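Enquirer: Please work out how this folds:
(chains A and B)
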Protein chains: 2
Amino acid sequence: MTRAGTVGTVNVGLLGCGNVGAALVELLAERRDAIAARTGIMLDVTRVAVRDVAKHRSVTPPPGVLTDSAADVVKDPDVEIVVELIGGLEPARELVLDALAAGKPVVTGNKELLATAGAELFDAAGKAGVDLLFEAAVGGGIPLIRPLRESLAGERVERVMGIVNGTTNYILTRMTEAGASYQEALAEAQQLGYAEADPTADVEGHDAAAKAAILAGIAFGVKVTDADVHREGVSGVTATDIAYAGRLGYLVKLLAIAEMVDGQVAVRVHPVMIPREHPLAAVRESFNAVFVEGAAVGELMFYGRGAGGRPSASAVLGDLIDAAVNLRRGAHAPIGTLASARLRPIDELSSQFYLSIEVADRPGVLAAVAGVFGEHDVSIRSMEQVGLGDEAELVFITHTAAERAMQATIAGLDALEVVDRVGSLIRVVGPE
Amino acid sequence: MTRAGTVGTVNVGLLGCGNVGAALVELLAERRDAIAARTGIMLDVTRVAVRDVAKHRSVTPPPGVLTDSAADVVKDPDVEIVVELIGGLEPARELVLDALAAGKPVVTGNKELLATAGAELFDAAGKAGVDLLFEAAVGGGIPLIRPLRESLAGERVERVMGIVNGTTNYILTRMTEAGASYQEALAEAQQLGYAEADPTADVEGHDAAAKAAILAGIAFGVKVTDADVHREGVSGVTATDIAYAGRLGYLVKLLAIAEMVDGQVAVRVHPVMIPREHPLAAVRESFNAVFVEGAAVGELMFYGRGAGGRPSASAVLGDLIDAAVNLRRGAHAPIGTLASARLRPIDELSSQFYLSIEVADRPGVLAAVAGVFGEHDVSIRSMEQVGLGDEAELVFITHTAAERAMQATIAGLDALEVVDRVGSLIRVVGPE
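Expert: This next block holds a predicted model:
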């Protein structure tokens, strides 16, 4: 084992050796010499904390490397940089804070941690004057956090819209391209290992909401936790919604959106209809992408694999090299602080809307329904009846309307005797 | 004027105040306070070199700022960072070398300079231990160079394919979507200001070749100049090619490609047929995008505005902030060196090919033509006759074949009495 402080070697302590951690160890073995040639730094993983030391592993590390005490790894005076890949809030939060307090740079891919305790961690890293890097936390292998923080440091970002959950994007892609129902597409995603047996965290948008909170913090410098993010998932999206979207030139995508609206930051996750020509519409299957609109730079998009051991490990390794180079130079990337600010709630936003309602199939129904839209000043851009008799549905796209007015319209429609059920409400992005 | 060395202020000397330079001055005025709040650094443009000091400008700088001597700006002891936006090889090269030798970081958007003298500049920056940053040189406003250099520092890049010229992408988009001829689409691009009166640099691929050379250097660390890049433009692409591509599920794009083939780097610019589902296929009109394949990270794409004053100025500003922060910390980004290496010439590559030939419309022609393919071991995947009589064309797509075998096939076809003319040869990317 190389001693800490030897010129040219940086000792790394790894917390967690699951999917991403194991891929990182493998990648480091493959790339260590190339990295040393490029940067003059040999990265040595000298300590690895795992839950079960006895568990069989594809790679057997030298004796003394594995431990079941993550705290020991953080405290080890030989460990100069801590890579946290345990996931979850605790004990990850405490371990990361301990490492930062000890002046050790931290690389993490932990989205829950950043979405819950990001501001606290940013402050701790700033006070300690060491790096806190987390490229892998959003968009897996896609270089995204670094471009937002550094390349766009001078840019006034106006909006960030991301496909940040591969499971739901796979489901919506199959519904769109193969005409699958939501249940069929979900079952297929589960068979392929894209979706968990309990898919709630993905399909109800919890995973995307955590990533939205992180993106909003980076793009706008404000404190946002996942609890602040308005959240709607994809489980209510129907084949009718997708088909109608297609006929009008739209695709349905689950988007994480953070934008500046009248000086306030609004953050939300919900299904969106986007025009077929929009760059996000071409993001298929389990791929991720983040679309950024800036005042000077215009439209940007970053696309790639949002999950998976090797893509995420690639992002962790990029951060690790950066942290090691900075450490040897006595420098660190400026992290900034996250300011407290009022976030703009969704009922203060406006949008175009798609709405489907199940109705009785008889004369006069449309007049009654249209009357409710009119009462609330929601103007209808297009309408179509889908199905007949008991299957009759009306699908609408509105002009831009206030979210509150749309919610009042839905309540009014719900109360109509001729309306059997109000179905999907999907916001529409794009030109009117 | 703030004095150099005052804590918190960094004095910038700007060489060239055209489209991008003027946008940079404007952007700095808008964003100076926000940048200072974020980084603790006030960026002051204290000297600006222009060709004609007397020319009317939308912004009038304070007296003493404008000069017609770029050398004076570089030498000015108050100027701490030099931004070179003159373009072209000389005097830009000399000025940048002088700045680096004086220990001043340089930010440039000059693709000709980097594609011609990149290795020399990298060495000079390395020796001086100062930053040489050039995000704006490829892909305009798209953060691309920094992610490749830093985020992917640990990644083994296998291939980079870019739509790096907006003019030709606009032309091909109009040919594809509006059925325009090449001449019509070019005229439209000229009317919109996307193409110059003499469009040679764009349509014959010179601009893209310079960018390909820069990308190859960054991605693979080898010395490549624009003269090393095999280059074919779009002026030979016909409506027939585009239509046939479309029927088979392909789009035609002009790509800059740098890839590792059997341990050697191959770099080229030519039209390519890519599958409609490929992320690059969704890059429309004058947008740019660079698609990267890495061993661990898989597929990535970076998309945005490849040209224009404000997008390019945004990239320059990101670099400028980075250089200023590094300067105040006494650090700089590791630039590495470009190694001399044999580049793999195009006739040692393999590909699938699309080929169109004008033929006499009579029995036996296909047998003669197919015979020539067979002689050279080029296997045909699909064939179609387009048009009749004097207008008859045969269009082929081959299985993967050696470039040399394909060139020999073309020579053989040219010699056939029944072949009036060999038309377009377009390489095909994607699964067979």
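Enquirer: mind listing the strands for the stretch 101-250 of chain A?
Expert: A:106-108, A:132-133, A:157-163, A:230-231, A:250-261 (DSSP state E, counting those that start in this stretch).
Enquirer: And the last one, what does it pack against?
Expert: To tie it back to what came earlier, the one meant is strand A:250-261. Packing partners of strand A:250-261 (3 or more C-beta pairs under 8 Å, 6 or more residues apart in numbering or on different chains; DSSP states H and E): strand A:157-163, helix A:166-177, helix A:206-220, helix A:239-247, strand A:264-275. All C-beta atoms are positioned from the backbone trio N, CA, C, and that covers glycine.
Enquirer: circling back: so of the strands of the stretch 101-250 of chain A, which one's packed in deepest?
Expert: Comparing the strands of the stretch 101-250 of chain A by mean neighbour count (mean count of other C-beta atoms under 10 Å in any protein chain shown), strand A:106-108 ranks first with a mean of 28.
Enquirer: Pairing partners for it, with directions?
Expert: The strands beside strand A:106-108 in its sheet (DSSP bridges) come out as strand A:81-84 (parallel), strand A:132-133 (parallel).
Enquirer: A:N326: what secondary structure?
Expert: helix (DSSP: H, G, I helix; E, B strand; the rest coil).
Enquirer: Can you report how many residues lie near it?
Expert: For A:N326, the neighbour count with other C-beta atoms under 10 Å in any protein chain shown is 19.
Enquirer: what's the answer for A:L413, then?
Expert: With other C-beta under 10 Å as criterion, A:L413 counts 22.
Enquirer: show me what contacts it?
Expert: A:I357, A:V369, A:V372, A:V419, A:V422 (C-beta atoms under 8 Å, 6 or more residues apart in numbering or on different chains).
Enquirer: mind checking which helix or strand it is in?
Expert: helix A:403-414 (DSSP states H and E).
Enquirer: If you count neighbours, what's buried in that helix?
Expert: By neighbour count on 16 or more other C-beta atoms under 10 Å in any protein chain shown, the buried set for helix A:403-414 is A:E403, A:A405, A:M406, A:A408, A:T409, A:I410, A:G412, A:L413.
Enquirer: ok, back up a step: in TSV: the strands of the stretch 101-250 of chain A, plus mean pLDDT.
Expert: Formatted as TSV, the strands of the stretch 101-250 of chain A follow (pLDDT from 0 to 100):
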stretch	mean pLDDT
strand A:106-108	98
strand A:132-133	97
strand A:157-163	98
strand A:230-231	98
strand A:250-261	98
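Enquirer: near chain B, which residues of the stretch 151-300 of chain A show up?
Expert: A:151-156, A:221, A:277, A:279, A:281-284, A:287, A:289, A:294-300 (C-beta under 8 Å from any C-beta of the partner chain).
Enquirer: Quick one, which of these are buried?
Expert: Using 16+ other C-beta under 10 Å, the buried ones in these are A:151-156, A:221, A:279, A:281-284, A:287, A:289, A:294, A:296-300.
Enquirer: Tell me the spacing between A:S286 and A:L172.
Expert: 11 Å (C-beta to C-beta, to the nearest Å).
Enquirer: Same check on A:G309?
Expert: Distance from A:G309 to A:L172, by C-beta to C-beta: 24 Å.
Enquirer: Next up, the contacts around the spatially closest residue to A:A282 that is not a sequence neighbour.
Expert: Excluding the flanking residues, the one nearest A:A282 by C-beta to C-beta, 6 or more residues apart in numbering or on different chains is B:A282, at 3.3 Å. By C-beta under 8 Å, 6+ apart, the residues touching B:A282 are A:P279, A:A281, A:A282.
Enquirer: which residues touch the second one?
Expert: Okay, so that is A:A281. A:L251, A:K253, A:I274, A:P275, B:A282.
Enquirer: Bridging across strands, which residues link to the fourth one?
Expert: If I follow you right, that is A:P275. A:Y250.
Enquirer: Identify the residues contacting A:E299.
Expert: A:P279, A:F291, A:V292, A:E293, B:F287, B:Y303, B:G304, B:R305.
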